[in-house]
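Asks: everything below, folded, please.
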Amino acid sequence: MPAADPRLPLFLGLMSGTSADGIDAALVQFPTKGGCRFVHGHTFGWQPALRAELVALGQGREPTSLDALGQLDARVGIAFAEAANGLLAQAGVDRAQVRAIGSHGQTIRHRPAAEPAFTWQLGDASRIAELTGIATVADFRRRDVAAGGQGAPLMPAFHLAMLGSGDEDRAVLNLGGIANLSLIARDGGLRGFDTGPANALLDGWCQRHLGTPFDADGAFAAGGRVDAALLARLLAEPWFALSPPKSTGREQFHLDWVQARLGEPALAPADVQATLLELTAATVADALLAHLPGVRRLLVCGGGVRNPPLLRRIGARLPGVAVVSSAEHGLDPDFMEAMGFAWLARETLAGRPGNLPAVTGARGPRILGAIHPA
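Replies: Numbering: from 1, shown residues only. Below is the predicted model:
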């Protein structure tokens with residue numbers, strides 16, 4: 001990893017996504033000429049019981065009490081602070097060198113279509129600032145929702161700043177628990193939206209049938225066959241036909257949603273896994289071709305970049321499109337979102353908007369997040 005430039009401030013990003021498979025922590029700098037210097041990164045696993053509680057809430061389970069929810073918010077904040085402190089210890093960096101932490105928190109509800117709309121991320125940012133001694137910017141999504149937006153996705157602005165090109169139409173695909181696209185036209189036009197489930201369903205089905213938290217190298221799916229009838233039932237979900245801006249989460253796409261569409265006779269678990277993989281490939285490719293038909297390059301990040309069968313199926317549905325890791329353009333695919341929230345923290349401190357109304361549907365640009373001083 002490159003050494004930090006002593007002339008530039010450091011920013012630390014913290015991210016835990018829909019899959020809740022760990023807290024990604026990234027230490028970065030932003031050179032004045034542009035780009036992002038990745039200094040150090042690490043993924044810190046959740047304590048298993050805490051992760052199980054977060055996943056259950058994300059899928060719609062009600063909290064047992066207000067006290068339990070308040071304590072959970074504090075426990076998540078402590079876990080994020082421990083990840084930040086752990087990263088600094090690994091990197092040998094003095095916390096005084098870090099200008100700010102950007103913390104996404106852990107989403108437990110995302111209801112942009114509710115009346116009134118809301119989105120909710122746990123992870124007490126005051127606790128993070130207190131335990132790290134570093135100013136913390138958090139709660140990035142709610143201001144966009146308050147302005148009539150989806151509150152998601154927020155990474156397209158970062159993708160445009162880091163990966164925009166005047167030479168070609170290109171897209172950035174994040175394969176996290178949910179898949180989302182940033183569509184960057186060569187003329188600088190930008191759109192972005194969620195396309196549907198990715199690792200959230202694949203990981204959940206794998207956990208249920210193999211007892212492992214994810215499908216290593218896509219081997220479980222590769223051992224099955226796509227069931228066309230099941231795929232058609234999954235693709236009939238009305239959400240897929242909605243026009244952007246749109247976003248979703250585990251409360252929409254979870255294993256009960258899959259179970260309700262399995263039908264009879266029962267399929268082999270590997271065939272269901274193969275079909276869920278094909279669902280992700282199909283919804284990503286369909287959305288990309290519908291909204292950026294001239295795309296020539298798809299830069300992939302997130303956990304799904306390590307699923308070769310998934311990347312092959314996406315590529316097969318996108319003839320003529322180069323499907324490559326974001327690493328080929330200098331951004332680590334495992335820490336893209338953590339880097340993005342470090343960047344959003346910088347934008348907030350600088351008084352610059354972090355949302356893109358063309359992406360989220362908000363009424364206008366807004367400075368995102370709340371600042372919790374050290």
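Asks: ok now the helix or strand bottoming out on mean pLDDT in the chain, how far from the chain's centre?
Replies: For the chain, using mean pLDDT, DSSP states H and E, the weakest element among its helices and strands is helix 48-58, scoring a mean of 90. With C-alpha atoms, centre = their mean, to the nearest Å as the basis, helix 48-58 stands 17 Å off its chain's centre.
Asks: buried stuff in it?
Replies: Leu50, Arg51, Glu53, Leu54, Val55, Leu57, Gly58 (16 or more other C-beta atoms under 10 Å). Using the backbone N, CA and C atoms, a C-beta is placed for each residue, glycine as well.
Asks: now the residues you listed in JSON lines, with distance to Asn307?
Replies: Putting those into JSON lines (distance: C-beta to C-beta, whole Å) gives the following:
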{"residue": "Leu50", "distance to Asn307": "26"}
{"residue": "Arg51", "distance to Asn307": "20"}
{"residue": "Glu53", "distance to Asn307": "27"}
{"residue": "Leu54", "distance to Asn307": "23"}
{"residue": "Val55", "distance to Asn307": "20"}
{"residue": "Leu57", "distance to Asn307": "26"}
{"residue": "Gly58", "distance to Asn307": "21"}
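Asks: ok, residues contacting the least confident helix or strand of the chain?
Replies: When contacts are defined by C-beta atoms under 8 Å, 6 or more residues apart in numbering, helix 48-58 is touched by residues 18, 20-21, 46, 63, 72, 75-76, 79, 106-109, 122, 249-251.
Asks: swap in 7 Å and give it another go.
Replies: Residues outside helix 48-58 that contact it (C-beta atoms under 7 Å, 6 or more residues apart in numbering): Ala20, Pro63, Leu72, Arg75, Ala79, Gln106, Thr107, Ile108, Gly249, Arg250, Glu251.
Asks: next, give phi and psi for the last one.
Replies: Geometry field for Glu251 lists phi and psi as phi -70, psi -20, criterion degrees, to the nearest 10.
Asks: so how far is the following helix or strand past the least confident helix or strand of the chain from its chain's centroid?
Replies: Of the helices and strands lying after helix 48-58 in sequence (DSSP states H and E), the nearest is helix 66-91. Its chain's average C-alpha position is 19 Å from that of helix 66-91, according to C-alpha atoms, centre = their mean.
Asks: same for helix 66-91, what does it pack against?
Replies: With contacts defined as 3 or more C-beta pairs under 7 Å, 6 or more residues apart in numbering; DSSP states H and E, helix 66-91 has these neighbours: strand 10-15, strand 23-29, strand 37-44, helix 48-58, strand 118-122, helix 125-132.
Asks: of all these, which lies closest to Ala100?
Replies: strand 10-15 (5.9 Å; C-beta to C-beta).
Asks: send the alpha carbons of that closest one over as CSV?
Replies: The C-alpha coordinates for strand 10-15 follow below in CSV (Å, rounded to 0.1, in the frame of the first residue of the first chain):
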residue,chain,number,x,y,z
LEU,A,10,-6.1,11.8,6.0
PHE,A,11,-9.7,10.8,5.9
LEU,A,12,-11.1,7.5,7.3
GLY,A,13,-14.2,5.9,5.8
LEU,A,14,-16.4,3.3,7.5
MET,A,15,-19.0,1.2,5.7
